[in-house]
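Undergrad: Got a sequence here, can you model it:
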Amino acid sequence: MTVTYTDSRVERLRHGMETSVLSFPLTPFDDEGRVDLDAFRAHVRAQVEAGPGAVFPCCGTGEYFSLAEDEYAELIGAAVEEAAGTVPVVAGVGYGWAQARRFAAAAERAGADAVLLMPPYLVDGPHRGYVDHVRRVAEATGLGLVLYQRAQVKIDASVVEDLAAIDTVIGIKDGHCDLDQVQRLRLAAPPEWLFFNGAATAEMQARAYSAIGVSAYSSAVHAFAPEISHAYFRALRAGDDAEVERLLRGFYRPLVELRDQGKGYAVSLVKAAARLRGATMGSVRAPLADPTPDHLRRLESLLTTGLSLVGATA
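TA: So this is what the prediction gives:
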C-alpha cells in the first residue's frame with residue numbers, strides 16, 4: 001500500500017502541525033516497573049483534551065527504548081482509542097530495521113496514522129546504508145514515515161532524492177538544530193514533505209526554525225504543562241515577541257539549564273514534572289534515573305513560576 005501526500009492521514013497531520021504544538025506523551029510505570037495502562041490512558045486523554053496538533057506515543061519522551069514489543073502494541077492501541085480520531089497518532093519505531101519493521105507493523109495494526117522512524121541502534125553507517133534502512137522499514141507498513149534525524153543520523157541532501165523515491169516517506173523531524181543543514185534538506189526535498197523542529201526543548205529554537213520555513217515543533221512541556229506550551233505557541237504565532245521573550249526568560253531558559261544538570265533529564269525531568277502536577281506516572285525505567293531531591297525542588301519552584309506566568313495554577 002502506498003501513501004500519497006493527499007492521503008487523509010497525512011493531510012490531517014499536516015493540518016495539526018500547522019495549527020498547534022505536537023504532543024509526546026509519557027509512559028507511566030507502576031511501583032514494580034510495569035506499564036500502567038490505565039494511567040497512560042488518562043495521560044493521553046488529558047493531552048488530547050489540551051488540543052495538540054497530534055500525539056506521538058512511544059517515542060523518546062515515552063521511553064520507547066525501554067518497551068517490550070507487546071507493551072508497545074498495547075500502548076499504541078490505547079493511544080489510538082483515547083485519541084478517538086480527534087488528532088493523528090504517530091507511533092515511534094526504531095532499533096535496527098528488523099525490529100523497526102515489527103514495531104511499525106504493530107503500530108499499523110493498532111490503528112496509528114503514521115510512524116516516527118528514530119535512528120537505528122548504535123551503528124553509524126554511510127548515507128546509502130541509511131536509505132536502505134528506511135526502505136526496508138517502509139516495506140513492512142503502509143503508514144507514512146517521518147524520519148527523525150538526531151544523534152548519529154544526519155541526512156545528507158544528496159540522498160533526499162533516494163529517500164523521496166520511497167513512497168511512504170513523508171517528512172523529517174530534526175533534532176540537530178543545524179539550521180543550515182535543515183534548510184538544505186527542505187530545499188532539496190519534495191515541497192509536500194513535512195518538517196518539524198524536534199529539539200529537546202524545542203521552544204528555545206522555535207523562532208529560528210520559523211525563519212527558515214519550519215514552524216512546527218514538538219513540545220515536551222506539553223506533557224506536563226500544556227497551559228504553558230499553548231501560551232508560548234499562541235504568542236509565537238501571533239508575533240508577540242514581548243510575550244515570547246517573557247516566557248523564554250522566565251520559564252524555558254531556566255528549564256533548559258535545569259535539564260542540562262543531569263543525564264537523561266530530557267525525559268526524567270519531564271516525567272517528574274508530570275508527577276508534580278498530580279499525574280500518575282511512576283519512575284523512569286533504567287538506565288534513566290529520577291531527578292535528585294534538590295533538582296526536584298528546583299523543578300517544583302520553576303513549575304509554579306511558569307504556571308503563574310500564564311495565569312494558571314499547579
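Undergrad: where along the stretch 151-300 of the chain do the strands fall?
TA: For the stretch 151-300 of the chain, strands defined by DSSP state E, counting those that start in this stretch occupy the ranges 169-174, 194-197, 218-219.
Undergrad: Name every strand pairing with the last one and say which way it goes.
TA: Under the criterion DSSP bridges, strand 218-219 sits next to strand 22-23 (parallel) in its sheet.
Undergrad: Which is the succeeding secondary structure element to the strand it pairs with?
TA: helix 37-49 (DSSP states H and E).
Undergrad: helices and strands around that next one, which ones?
TA: Contact analysis of helix 37-49 by 3 or more C-beta pairs under 8 Å, 6 or more residues apart in numbering; DSSP states H and E lists strand 54-55, helix 69-83 as its packing neighbours. All C-beta spots, glycine's among them, are computed from the backbone N, C-alpha and C.
Undergrad: Quick one: work out the angle between the last one and helix 37-49.
TA: An angle of 40 degrees separates the directions of helix 69-83 and helix 37-49 when computed by axes from the mean of the first three to the mean of the last three C-alpha atoms, to 10 degrees.
Undergrad: Show me what helix 69-83 is packed up against.
TA: Contacts defined by 3+ C-beta pairs under 8 Å, 6+ apart place helix 69-83 against helix 37-49, helix 97-110.
Undergrad: buried residues in the top helix by length along the chain?
TA: Scanning the chain for the helix with the most residues, using DSSP state H, yields helix 293-309. Neighbour counts over helix 293-309 (16 or more other C-beta atoms under 10 Å) mark 295, 296, 298, 299, 302, 303, 306, 307, 309 as buried.
Undergrad: returning to that earlier point: could you dump the helices and strands packed on helix 69-83 to CSV with mean pLDDT?
TA: CSV is the format used below for these (pLDDT from 0 to 100):
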stretch, mean pLDDT
helix 37-49, 98
helix 97-110, 97
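Undergrad: Turn the ones you listed into TSV, including distance to residue 197 and mean neighbour count.
TA: Below are the helices and strands packed on helix 69-83 laid out as TSV (distance: least, C-beta to C-beta, whole Å; neighbours: other C-beta atoms under 10 Å):
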stretch	distance to residue 197	mean neighbour count
helix 37-49	19	18
helix 97-110	23	20
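Undergrad: I'd like to know which of those helices is closest to residue 118.
TA: helix 97-110 (8.2 Å; C-beta to C-beta).
Undergrad: so that closest one versus helix 69-83, what angle?
TA: Orientation check (the same axes, to 10 degrees): helix 97-110 against helix 69-83 gives 30 degrees.
Undergrad: From the rest of the structure, what touches the very next helix or strand once past helix 97-110?
TA: The element immediately downstream of helix 97-110 (helix or strand, assigned by DSSP H and E) is strand 114-117. Contact with strand 114-117 is made by 9-10, 13, 56, 59, 88, 90-94, 100, 104, 107, 134, 137, 141, 143-148, 170, 173, as judged by C-beta atoms under 8 Å, 6 or more residues apart in numbering.
Undergrad: quick one: which of these sit in strands?
TA: The strands, defined by DSSP state E, take in 90, 91, 92, 93, 144, 145, 146, 147, 148, 170, 173 from these.
Undergrad: okay, these in JSON lines with distance to residue 222 next?
TA: Formatted as JSON lines, the ones in strands among the contacts of strand 114-117 follow (distance: C-beta to C-beta, whole Å):
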{"residue": "90", "distance to residue 222": "14"}
{"residue": "91", "distance to residue 222": "17"}
{"residue": "92", "distance to residue 222": "16"}
{"residue": "93", "distance to residue 222": "21"}
{"residue": "144", "distance to residue 222": "22"}
{"residue": "145", "distance to residue 222": "23"}
{"residue": "146", "distance to residue 222": "18"}
{"residue": "147", "distance to residue 222": "22"}
{"residue": "148", "distance to residue 222": "18"}
{"residue": "170", "distance to residue 222": "22"}
{"residue": "173", "distance to residue 222": "15"}
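Undergrad: And those residues, which is closest to residue 65?
TA: The closest of the ones in strands among the contacts of strand 114-117 to residue 65 turns out to be residue 92 (C-beta to C-beta; 9.3 Å).
Undergrad: From residue 302, how far off is the closest one?
TA: Per C-beta to C-beta, to the nearest Å, residue 92 is found 27 Å from residue 302.
Undergrad: can you check residue 72 too?
TA: 32 Å.
Undergrad: now swap in residue 52 and tell me
TA: Remark: distance between residue 52 and residue 302 (C-beta to C-beta) = 22 Å.
Undergrad: can you give me the helices in the stretch 201-314 of the chain?
TA: Here the stretch 201-314 of the chain has its helices, by DSSP state H, counting those that start in this stretch, at 206-211, 226-238, 241-247, 253-259, 265-276, 293-309.
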